[in-house]
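Enquirer: model the following, please.
(chains A and B)
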There are 2 protein chains.
Amino acid sequence: MNILITGGAGFLGQQLLRALLDRGTLDAGHGPQAIARIVCFDQTEGAIIDPRVRNVAGNIADPSAVAALVGPDTAVVVHLAAVVSGTAEADFDLGMRVNLDGTRNLLEACRAAGHRPRLLFSSSIAVFGGDLPPVITDATEATPQGSYGVQKRIGELLVQDCTRKGYIDGRAVRVPTVVVRPGKPNGAASGFASGILREPLAGQPARLPVDPSTEMWMASPRAVVRMFLRALELPESAWGWNRVLNLPGLVASMHDEMAALRRVGGEAAVALVRHDPDPAVVALVRTWAARFETARARAMGFEADADVDAIVRAYVEDNPEAIRLRA
Amino acid sequence: MNILITGGAGFLGQQLLRALLDRGTLDAGHGPQAIARIVCFDQTEGAIIDPRVRNVAGNIADPSAVAALVGPDTAVVVHLAAVVSGTAEADFDLGMRVNLDGTRNLLEACRAAGHRPRLLFSSSIAVFGGDLPPVITDATEATPQGSYGVQKRIGELLVQDCTRKGYIDGRAVRVPTVVVRPGKPNGAASGFASGILREPLAGQPARLPVDPSTEMWMASPRAVVRMFLRALELPESAWGWNRVLNLPGLVASMHDEMAALRRVGGEAAVALVRHDPDPAVVALVRTWAARFETARARAMGFEADADVDAIVRAYVEDNPEAIRLRA
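Expert: Model prediction:
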């Protein structure tokens, strides 16, 4: 079995790639099959070197580059490539090219391949915005209030339609805010939710630009990768016609995060967080959804993290080199 | 004031054009202003000749053709150009080019103009599909089950985002099935709802491909044009952030239509309708929404037709040359 991961060199892509290599098999509808090849496509080559991995650098917005990625032996496609929320908001054209045209290019390549590849699209809870109910359910309308969320919602609609037309076997999952995102801050407007854990644990100062009571819907990278694999392996009958799904997560405030930080990193870590409100971020975060009732996903067997402590402990276990402070 | 109508040579475009010429003024936020020029853009030149009308033939999917349509003096844009539902379903590429790329081209032209033109986007109740509640409300999620509806929903999202970004002052209205559509049948899958009135009134046979109990959400061309003008003239404050609206209509069954046909065209007209189910049409129509509660639009002053008889009478008045049978 051959697999393509777009945005594969990103941190979630690399974690998914590692998980696939460790498993060695994937069931994409014909029972568990050995993974022969994973094409890792991104702007730059991925860091994981393995005989089964082919790292390809290119531009998802370039139709011919993308057409070359999907062949008759590409059984599974995982579409992670995207510019993040802050970047898509700051550069409208770039967001449209990468997030919209890139997705269209990939769907077109799958359609041209002709064998109806199974495709997982990483969408986002950023599709929700506007006048939201206190709790988002599976029936809540997606009325995004940012260009990133708009582009993700459009991608979902296209994945849904290409599935209905028989071009792909598509699944789109709305990923909660990923916490703790390792490495350097990226352009995601939600980045502080990771930053106030990651930086203090590394002995570095961090800024909290919103009120500590601010809640977010979050999941650890481990949980997201586990849910990606489940989304890929579930049979079509479990999805039915509706190929768009709100993933489970957990609701936690920035205060909850700091309490977990205290338990894992000690008072010295918490002291590195400086509360310094940024009106622009406060206004943006206010439009985000924090509380979800994900009945459909839970019935389909998707599971979130147990609690914020589990999220922080998983980060410490997975990134020992990045930890300077411990309680 | 200069106005651009895309799809202006179509029947709704021509009725809107005629209504604008008859009024002579439009209020697009600065009080009623004289309409100096209406650019009527379509694949072919429009039939209405008037000193204020400039007929332009071109392809909405061609970015340079569309860029040339919007100038610094274009105060208002009405975007009607689209391939209809049956055509978008039969030719996926054509639907994507015209309905998605065409809309993007137009929004890009408006953005490039730089003065934030007021733009009305003609969307459709075809954005609804899937597991629908018995009554569609303003909060019902749009999960379209046809490529046309998907493309219209994407257009709404782009209009919404370009409004939020300050590129346009956009308004998107979901138009009910238009009954009675004059002239020849087009590629719209809903065409029979007009056909079983239009053809018998002209003394021609018509096919009813669904059960007579089948209900549809409909509005007359007169009502739609009236609602288009209201959508254009309402101040931004009446719209708020949400620039997508379900328009009022009335729910009527094909049986209701035939009863109205009997009252207007007599028994001879009804006898020309042959019930001959088409499983493909039956299956498609089953996914459509028929009953709506349009509280928001009604609060904004939008009004539907009084009843089916009013719809049929309006058609007879507006198209005397097409009527052969009268009760």
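
Enquirer: which helix or which strand is home to whichever residue of the stretch 151-300 of chain A sits closest to chain B?
Expert: Chain B sits closest to residue A:161 of the stretch 151-300 of chain A, with a gap of 4.4 Å, by Cβ to the nearest Cβ. (C-beta placed from N, C-alpha, C; glycine too.) Here residue A:161 sits within helix A:147-164, counting by DSSP states H and E.

Enquirer: helices or strands up against that helix?
Expert: The contact analysis (3 or more Cβ pairs under 8 Å, 6 or more residues apart in numbering or on different chains; DSSP states H and E) places helix A:147-164 against helix A:85-90, helix A:92-95, helix A:102-113, strand A:118-124, strand A:169-175, strand A:244-246, helix B:147-164.

Enquirer: please name the nearest non-neighbouring residue to the residue of the stretch 151-300 of chain A closest to chain B.
Expert: residue B:150 (4.4 Å; Cβ to Cβ, 6 or more residues apart in numbering or on different chains).

Enquirer: so what does the closest residue in space to residue A:58 that isn't next to it in sequence have for phi and psi?
Expert: Of all residues not flanking residue A:58 in the chain, residue A:65 sits nearest, at 4.1 Å (Cβ to Cβ, 6+ apart). Dihedral pair for residue A:65: phi -60, psi -40, per degrees, to the nearest 10.

Enquirer: and for the one 4 residues further on?
Expert: With angles defined as degrees, to the nearest 10, residue A:69 shows backbone torsions of phi -80, psi -30.

Enquirer: which ones are touching it?
Expert: A:4, A:6, A:39, A:41, A:56, A:58, A:106, A:109 (Cβ atoms under 8 Å, 6 or more residues apart in numbering or on different chains).

Enquirer: now do it against chain B, distance only.
Expert: 20 Å (Cβ to the nearest Cβ, to the nearest Å).

Enquirer: residues contacting residue A:196?
Expert: A:206, A:207, A:208, A:254, A:257, A:258, A:261, A:273.

Enquirer: residues contacting the last one?
Expert: If I follow you right, that is residue A:273. Applying Cβ under 8 Å, 6+ apart, the residues near residue A:273 are A:196, A:200, A:205, A:206, A:207, A:208, A:258, A:261.

Enquirer: who's it bridged to?
Expert: Judged by DSSP bridges, the bridge partners of residue A:273 are residue A:206.

Enquirer: so residue A:29 sits in a strand?
Expert: No: checked against DSSP: H, G, I helix; E, B strand; the rest coil, residue A:29 lies outside a strand; its state is coil.

Enquirer: mind listing what it touches?
Expert: A:118, A:169, A:235, A:236.

Enquirer: next: residue A:242.
Expert: Contacts of residue A:242 by Cβ under 8 Å, 6+ apart are A:160, B:130, B:131, B:143.

Enquirer: show me which pair in those residues is furthest apart.
Expert: A:160 and B:131 (13.1 Å; Cβ to Cβ).

Enquirer: distance of residue A:164 from residue A:74?
Expert: 21 Å (Cβ to Cβ, to the nearest Å).

Enquirer: again with residue A:181
Expert: Distance, residue A:181 to residue A:74, using Cβ to Cβ: 28 Å.

Enquirer: do residue A:208 as well
Expert: Distance, residue A:208 to residue A:74, using Cβ to Cβ: 43 Å.

Enquirer: repeat for residue A:267
Expert: In terms of Cβ to Cβ, residue A:267 sits 51 Å off from residue A:74.

Enquirer: separation between the residue of the stretch 151-300 of chain A closest to chain B and residue B:123?
Expert: 16 Å.

Enquirer: and residue A:80, its phi and psi?
Expert: In terms of degrees, to the nearest 10, the main-chain angles of residue A:80 are phi -110, psi -20.

Enquirer: wait, it sits on residue A:5?
Expert: Yes: if you go by Cβ atoms under 8 Å, residue A:80 and residue A:5 touch, sitting 6.5 Å apart.

Enquirer: more neighbours: the two, which one.
Expert: More crowded of residue A:80 and residue A:5, by other Cβ atoms under 10 Å in any protein chain shown: residue A:5, with 28 against 21.

Enquirer: ok, that one - contacts?
Expert: A:13, A:16, A:17, A:38, A:39, A:40, A:41, A:77, A:78, A:80.

Enquirer: try it again with 6 Å
Expert: Taking Cβ atoms under 6 Å, 6 or more residues apart in numbering or on different chains, we find residue A:5 in contact with A:13, A:40, A:78.

Enquirer: tell me which of those residues fall in helices.
Expert: By the criterion of DSSP state H, membership of these in helices covers residue A:13.

Enquirer: one step back: looking at residue A:160 and residue B:131, which one has more neighbours?
Expert: Between residue A:160 and residue B:131, counted using other Cβ under 10 Å, residue A:160 has the larger neighbour count: 23 against 12.

Enquirer: next one, pLDDT for that one please.
Expert: Note for residue A:160: predicted pLDDT of 98.

Enquirer: for the nearest residue to it once chain neighbours are set aside, give me its contacts.
Expert: What sits nearest to residue A:160 in space, not counting adjacent residues and going by Cβ to Cβ, 6+ apart, is residue A:243, at 5.2 Å. With contacts defined as Cβ under 6 Å, 6+ apart, residue A:243 is in contact with A:160, A:163, A:170, A:171, A:172.

Enquirer: let's go with 10 Å and repeat that
Expert: A:119-121, A:156, A:159-164, A:168-173, A:231, A:236 (Cβ atoms under 10 Å, 6 or more residues apart in numbering or on different chains).

Enquirer: would you mind measuring from it to residue A:169?
Expert: To residue A:169, residue A:243 is 9 Å away according to Cβ to Cβ.

Enquirer: mutual contacts of those two, please.
Expert: A:119, A:120, A:162, A:163, A:236.

Enquirer: filter the residues you listed to the buried ones?
Expert: A:119, A:120, A:162, A:163 (16 or more other Cβ atoms under 10 Å in any protein chain shown).

Enquirer: look up how far residue B:190 lies from the closest residue to the last one other than its chain neighbours.
Expert: Think residue A:163. Distances taken as Cβ to Cβ, 6+ apart place residue A:170 nearest to residue A:163, at 4.0 Å, with adjacent residues excluded. Residue A:170 sits 27 Å away from residue B:190, taking Cβ to Cβ as the criterion.

Enquirer: contacting residues for residue A:118?
Expert: Going by Cβ under 10 Å, 6+ apart, residue A:118 touches A:3, A:26, A:28-29, A:74-78, A:110, A:163, A:168-171, A:231-233, A:236.

Enquirer: just the helices from the stretch 201-327 of chain A, written as ranges.
Expert: Taking DSSP state H, counting those that start in this stretch as the test, the helices found in the stretch 201-327 of chain A are A:221-233, A:236-239, A:254-265, A:267-270, A:279-286, A:295-299, A:308-318.

Enquirer: how about the residues of the stretch 201-327 of chain A that lie near chain B?
Expert: A:240, A:241, A:242, A:244, A:287 (Cβ under 10 Å from any Cβ of the partner chain).

Enquirer: pLDDT added to the residues you listed, as TSV?
Expert: Below are those laid out as TSV (pLDDT from 0 to 100):
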residue	pLDDT
A:240	97
A:241	95
A:242	97
A:244	98
A:287	78
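
Enquirer: can you select the buried ones from those in PyMOL?
Expert: Filtering those down to the buried ones (16+ other Cβ under 10 Å) takes a single PyMOL command:
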select buried, chain A and resi 244+287
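
Enquirer: and the furthest pair within the residues of the stretch 201-327 of chain A next to chain B?
Expert: A:240 and A:287 (30.4 Å).

Enquirer: what about residue A:200, how many residues nearby?
Expert: The burial count for residue A:200: 25, using other Cβ under 10 Å.

Enquirer: is it in contact with residue A:322, as I believe?
Expert: No: Residue A:200 is beyond contact range of residue A:322, at 11.3 Å (criterion: Cβ atoms under 10 Å).

Enquirer: distance of the nearest residue to residue A:56 once chain neighbours are set aside from chain B?
Expert: Computed as Cβ to Cβ, 6+ apart, the closest residue to residue A:56 that is not its neighbour in sequence is residue A:41, at 4.9 Å. As judged by Cβ to the nearest Cβ, residue A:41 and chain B stand 23 Å apart.
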